[in-house]
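Engineer: What follows is a protein structure lacking sequence information:
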Ligand SMILES: O=C1O[C@H](COP(=O)(O)O)[C@@H](O)[C@H](O)[C@H]1O
């Protein structure tokens, strides 16, 4: 017998040494465990892209949240499939796929897109790539989110250069934010980016990371920018994480997207993950808890990030 769905097996298995396996009786009513996926054992590795376990969370503001926990390598496989499926869906439906990247660890987790079957089969020419946030540094600087994505992904796939919308690095933070918003408004007018009923741009997919403090894009805990509800793109000059000057999408833009994924790994983020997914309704919300897209939100966690759930 190579399969099991028993939580007892998982708890006892040396391969899956969860200190705190999800226990439905411990959860607030807002988070319910749906099921444990079948896992193979006896020397056979976990099926590619099979989550170790999945949670379904219905957070206050978000109707549709899924949380999958993976071995690190499986996370990259699953994320590639998720992005590829959405690329296929949107390119078939409307001949374009608008995808927004974050910086940080996310880019490395997209690496499987550079392998078969995706590298040769995706309609890269129909991709339009944007950034949720960018540091106000030259594009050649080590801190540049553009450089990170270019070196790790974009330079290796045939996306037309004109479809890669980098932030203007010759401008001040304020100027670059205004310039990027103008660019987005133009692309909404020309129907490259769809428009949501609320009037904000509706990207097909936004790929977010989360810092150990719970920040997403360049929206940091307790910062007044969390309340910005008019601008599409704004700037920050006092980012608690260096470099201090950045531009960032605002929450109304993040939350207008059709699909959003939060890719979070490492035990250093376990407290923030716990606060976002298990925090009480009355507690102060970390920025990641304010991610609430019109469409679907999916969390990709590794065991470390999920270790306090
Ligand atoms: O500064 C930033 O940090 C976040 C999180 O990065 P990670 O390395 O902890 O995953 C990232 O999503 C954001 O784009 C970046 O500017």
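Structural biologist: Yep, it's here. Remember, predicted model here, so these are calculated numbers, not experimental data. Numbers count the residues shown, from 1 in each chain.

Engineer: from the chain, which residue is nearest to the ligand?
Structural biologist: The ligand sits closest to residue 104 of the chain, with a gap of 2.4 Å, by CB to the nearest ligand atom. To be clear about C-beta, it is placed using only N, CA and C from the backbone, and glycine gets the same treatment.

Engineer: Tell me how many other residues surround that residue.
Structural biologist: 16 (other CB atoms under 10 Å).

Engineer: List the residues that contact it.
Structural biologist: The contact partners of residue 104, by CB atoms under 8 Å, 6 or more residues apart in numbering, come to 145, 148, 209, 211.

Engineer: roughly how far apart are it and residue 89?
Structural biologist: Computed as CB to CB, to the nearest Å, the residue 104 to residue 89 distance reads 26 Å.

Engineer: still on that earlier bit, for the contacts of residue 104, give me JSON lines that also has distance to residue 79 and secondary structure.
Structural biologist: As requested, these are exported to JSON lines (distance: CB to CB, whole Å; DSSP: H, G, I helix; E, B strand; the rest coil):
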{"residue": "145", "distance to residue 79": "18", "secondary structure": "helix"}
{"residue": "148", "distance to residue 79": "16", "secondary structure": "helix"}
{"residue": "209", "distance to residue 79": "12", "secondary structure": "coil"}
{"residue": "211", "distance to residue 79": "18", "secondary structure": "coil"}
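
Engineer: Present those residues as CSV; the columns should include distance to residue 119, pLDDT and neighbour count.
Structural biologist: Output for the contacts of residue 104, formatted as CSV (distance: CB to CB, whole Å; pLDDT from 0 to 100; neighbours: other CB atoms under 10 Å):
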residue, distance to residue 119, pLDDT, neighbour count
145, 22, 98, 25
148, 19, 98, 21
209, 23, 98, 24
211, 30, 98, 21
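
Engineer: List, out of those, those positioned next to the ligand.
Structural biologist: Restricting the contacts of residue 104 to those adjacent to the ligand (criterion: CB under 6 Å from any ligand atom) gives 145, 209, 211.

Engineer: Just confirm the second one contacts residue 263, I think it does.
Structural biologist: In other words, residue 209. Yes. Contact status for residue 209 versus residue 263: in contact at 5.8 Å, counting by CB atoms under 8 Å.

Engineer: so what's in contact with those two at the same time?
Structural biologist: In the contact map built from CB under 8 Å, 6+ apart, the residues linked to both residue 209 and residue 263 are 105, 106.

Engineer: give the contact list for residue 259.
Structural biologist: Taking CB under 8 Å, 6+ apart as the test, what residue 259 contacts is 86, 204, 205, 206, 293, 295, 296, 297, 298.

Engineer: Just to check, the last one is in contact with residue 75?
Structural biologist: No. Taking contacts as CB under 8 Å, residue 298 lies outside contact range of residue 75: 11.7 Å.

Engineer: So these two - more neighbours on which side?
Structural biologist: Neighbour count, other CB under 10 Å: between residue 298 and residue 75, residue 75 has more, with 25 against 18.

Engineer: wait, isn't that one in contact with residue 302?
Structural biologist: Yes. Under the contact definition of CB under 8 Å, residue 75 touches residue 302, with a separation of 5.6 Å.

Engineer: what residues are shared contacts of these two?
Structural biologist: Here residue 75 and residue 302 have residue 265 as joint contacts, going by CB under 8 Å, 6+ apart.

Engineer: and this structure, which residues reach the ligand?
Structural biologist: With the criterion set to CB under 6 Å from any ligand atom, the chain comes near the ligand through 102-106, 133, 145, 208-211, 217-218, 241.

Engineer: Give me the subset of these that lies in helices.
Structural biologist: If you go by DSSP state H, the residues of the chain next to the ligand have 106, 145 in helices.

Engineer: Please name the nearest non-neighbouring residue to residue 187.
Structural biologist: The spatial neighbour of residue 187 that comes closest, neighbours along the chain excluded (CB to CB, 6 or more residues apart in numbering), is residue 193 at 4.6 Å.
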